[in-house]
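Chemist: output the structure for:
(chains A and B)
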Number of protein chains: 2
Amino acid sequence: MPPATVDSAFQKVTEGVQVKPNPYGPNPHDFMSNVSRFKLIESTLREGEQFANAFFDTEKKIEIAKALDDFGVDYIELTSPAASEQSRLDCEAICKLGLKAKILTHIRCHMDDARIAVATGVDGVDVVIGTSQFLREYSHGKDMNYIAKSAIEVIEFVKSHGIEIRFSSEDSFRSDLVDLLNIYRTVDKIGVNRVGIADTVGCANPRQVYDLVRTLKSIVSCEIECHFHNDTGCAIANAYTALEAGATFIDVSVLGIGERNGITSLGGLMARMIAADRDYVLSKYKLHKLRDLENLVAESVQINIPFNNPITGFCAFTHKAGIHAKAILANPSTYEILDPADFGLTRYIHFANRLTGWNAIKSRVDQLNLALTDAQCKEVTTKIKALGDIRPLNIDDVDSIIREYHADQNNEIAAAIQA
Amino acid sequence: MPPATVDSAFQKVTEGVQVKPNPYGPNPHDFMSNVSRFKLIESTLREGEQFANAFFDTEKKIEIAKALDDFGVDYIELTSPAASEQSRLDCEAICKLGLKAKILTHIRCHMDDARIAVATGVDGVDVVIGTSQFLREYSHGKDMNYIAKSAIEVIEFVKSHGIEIRFSSEDSFRSDLVDLLNIYRTVDKIGVNRVGIADTVGCANPRQVYDLVRTLKSIVSCEIECHFHNDTGCAIANAYTALEAGATFIDVSVLGIGERNGITSLGGLMARMIAADRDYVLSKYKLHKLRDLENLVAESVQINIPFNNPITGFCAFTHKAGIHAKAILANPSTYEILDPADFGLTRYIHFANRLTGWNAIKSRVDQLNLALTDAQCKEVTTKIKALGDIRPLNIDDVDSIIREYHADQNNEIAAAIQA
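Modeler: Next comes the predicted model:
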């Protein structure tokens, strides 16, 4: 199917427009914003392994780790070496690859887990403990004093090995705010590298996130990491808002795979961030490798790329209604905030349907190298829309109608000359 | 595959917990919030028809309209009758169905379109015109005075027919704020029912949305409708934030289908809103019909339900890691903000994998009606995790290991008695 691409026009046409300052850039009033200096903690090999379909053998883990590193993620987080013997061996193997990305592993706030973790050769350890009323009652059954005491023990142990340490609460948005700020201040004082906020049940909303991160920012001097589940569809927006409020690190996974319906997706966050600061994103991440990376993981866990996936969904750059197609042909920025070329992709003007307009058809006529006036293009568009009312059209249908109409016009001219 | 459901425990267990006021409810500081009185404008048959794969014949449109009405949507928006002759006939046919939902059609800000629209018998007309620099330059080429003049003409014409009228800008977030507020104030004064904000390119972020809706709320006395595209993954969060700021109406489509990768999805917004105000959502919408509605539309446009779709994605209520499974078995609220039973669905504890824990295995042992002590459950869990390290497991694998282990224990006891 030959797509009616107009990619080459993008740069040229946008250069001609007087572009105002990017309205999607960092808000100048957010003086703590890290929108333009965020970092990625890539968790496909930890959170992603908790996805229902995931089973990564050693070879696949290494392939994914290398692809993530090549893409440019800042950190790669791995399943706890305490989860199983093979998990431990895989963690060691990935640490030995010599990747540019730092390697983390994610453990419970237990000395047993911490000892196994530091022995694997990781660059850092992410410690988590449930702080919500629910988790304190139904998961580990410990009170905040106990949590603080074990946190301090684990953190000092990990620090004594000279590697990075992050302390995160779990289900942060359903935890008592005073308890939460107390424990964060405690671990900040003993020198953690990062504190983490986790929306474990996936239900925080953006303005709640902004408030909690801003408040936490005023309490601690270390950096802030955020982890958002997507149960209510806000994981990408929450990540962006956390960065506006002063968080630096966002946990992502390829296609967002994780527990239940997952977390902030790497690709979705790239879409969000490139709209905010294109230069920063392009300078750090190899966006044209996104599709291959997503295909690699999707095949490993036997899922299809969602039709509506940001950037790589099959229709992300497809324009259909006549009024959209017309404007896109004149200037892609009219109906696109993302440039498909940034991701090694192309746009597609869908002209074979009843919602099409004569501008889209005229563009197709030009591609077919046929000569029709604007009035003729409008007339043939009417014929195409009439057939499109009866049944779905494909490109061949449209091309046949155009060619037949063109031939008829020429025959009429020939007949007129002969007469 | 017999799922290890614990649904019946949900109500019972949560009743036993001292539940605090819902932290995801409307923020009491948002005194203009409509989170608890929002309405849906369902646009599968308008925006959804602009989805690349969509071709709805009359019969299918009627089937979808009836299903939407049964679900409880407040308005159903249809493709412009000016788009094609069949679009006009379908619009008339749906108006005659006598649905509870009000029927709208969506037209350009042209008298030609308005005349055709009012003749179809719709309950209201949604008028849209591009107000951004991009659209004014590359789409219709008109200035703000022309836009205001045609808006007034169309609005007064539609009002004179005694039906509802909404005026929306297009690409609102890239429009000049002064121009935008001027035109909204003008149309509010002449008595539109709603003004609309549209993030046509899908790139607004939640706090921008909040600011614009709050500002607009102070300018107009009519109600506010919002339309969010999902190019950068924020369409659900933006819709929620718009309601917090005082918008009342959100445009949705089933599975979010629309131009490019679509708009706020009906199901995703239901997930977001039920977390905020369960009573309101359950009182208005038949959530247990959501899955059938999504399947109907997905089949019509030949797509798969995304694996990570809120609520109905295959893994939305699947819990895998041992620590999650343990807590979920004790109380589902620990790792779930949504109750699958509200949607006629069930949860699933995924215990056949190397991340499993002994609590999940013990639950399976109980389901199999076998007697093992906690110590024995821990021992058999070690065996299951060891096999899970080597290859993906299915439930039969786990059951075999458990049964074999159980038989061995009994044989040992029998041997001990005989000895």
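Chemist: contacts only, for A:Tyr210.
Modeler: By C-beta atoms under 8 Å, 6 or more residues apart in numbering or on different chains, the residues touching A:Tyr210 are A:Thr241, A:Ala242, A:Glu244, A:Ala245, B:Arg207. All C-beta atoms are positioned from the backbone trio N, CA, C, and that covers glycine.
Chemist: the same query, at a cut-off of 6 Å, please.
Modeler: Contacts here follow C-beta atoms under 6 Å, 6 or more residues apart in numbering or on different chains; on that basis A:Tyr210 touches A:Thr241, A:Ala245.
Chemist: tell me how far it lies from B:Asp339.
Modeler: Distance of A:Tyr210 to B:Asp339, computed by C-beta to C-beta, to the nearest Å: 28 Å.
Chemist: which parts of the stretch 251-400 of chain A sit against chain B?
Modeler: Taking C-beta under 6 Å from any C-beta of the partner chain as the criterion, the neighbours of chain B within the stretch 251-400 of chain A are A:256, A:260-262, A:268, A:271-272, A:275, A:303-304, A:306-308, A:310, A:313, A:315-316, A:318, A:320-321, A:324, A:327, A:330-331, A:333-334, A:337, A:350, A:354-355, A:385, A:389, A:392.
Chemist: return the subset of those lying in helices.
Modeler: A:Gly268, A:Ala271, A:Arg272, A:Ala275, A:His324, A:Ala327, A:Ala330, A:Lys385, A:Asp389 (DSSP state H).
Chemist: thinking the second one is in contact with A:Pro310, fair?
Modeler: Yes - using C-beta atoms under 6 Å, A:Ala271 makes contact with A:Pro310 at a distance of 4.1 Å.
Chemist: so those two - more neighbours on which side?
Modeler: Shown here are A:Ala271 and A:Pro310; by other C-beta atoms under 10 Å in any protein chain shown, A:Ala271 has more neighbours (29 against 26).
Chemist: and the more buried one, what does it touch?
Modeler: Contacts of A:Ala271 (C-beta under 6 Å, 6+ apart): A:Pro310, A:Ile311, B:Thr232.
Chemist: any idea how far the second one is from A:Ala341?
Modeler: Going from A:Ile311 to A:Ala341 by C-beta to C-beta gives 12 Å.
Chemist: please apply the same query to the last one.
Modeler: B:Thr232 sits 17 Å away from A:Ala341, going by C-beta to C-beta.
Chemist: who has more neighbours, these two?
Modeler: Ranked by neighbour count (other C-beta under 10 Å), B:Thr232 and A:Ala341 place B:Thr232 first, with 31 against 18.
Chemist: got the confidence number for that one?
Modeler: The score at B:Thr232 is 97. That number is its pLDDT.
Chemist: how close does it sit to B:Ala148?
Modeler: Distance from B:Thr232 to B:Ala148, by C-beta to C-beta: 31 Å.
Chemist: again with A:Thr79
Modeler: Taken as C-beta to C-beta, the span from A:Thr79 to B:Ala148 is 60 Å.
Chemist: which stretches of chain A have low pLDDT?
Modeler: A:1-23 (pLDDT under 70).
Chemist: give me the domain ranges for it.
Modeler: A:39-300, A:318-418 (automatic domain parsing).
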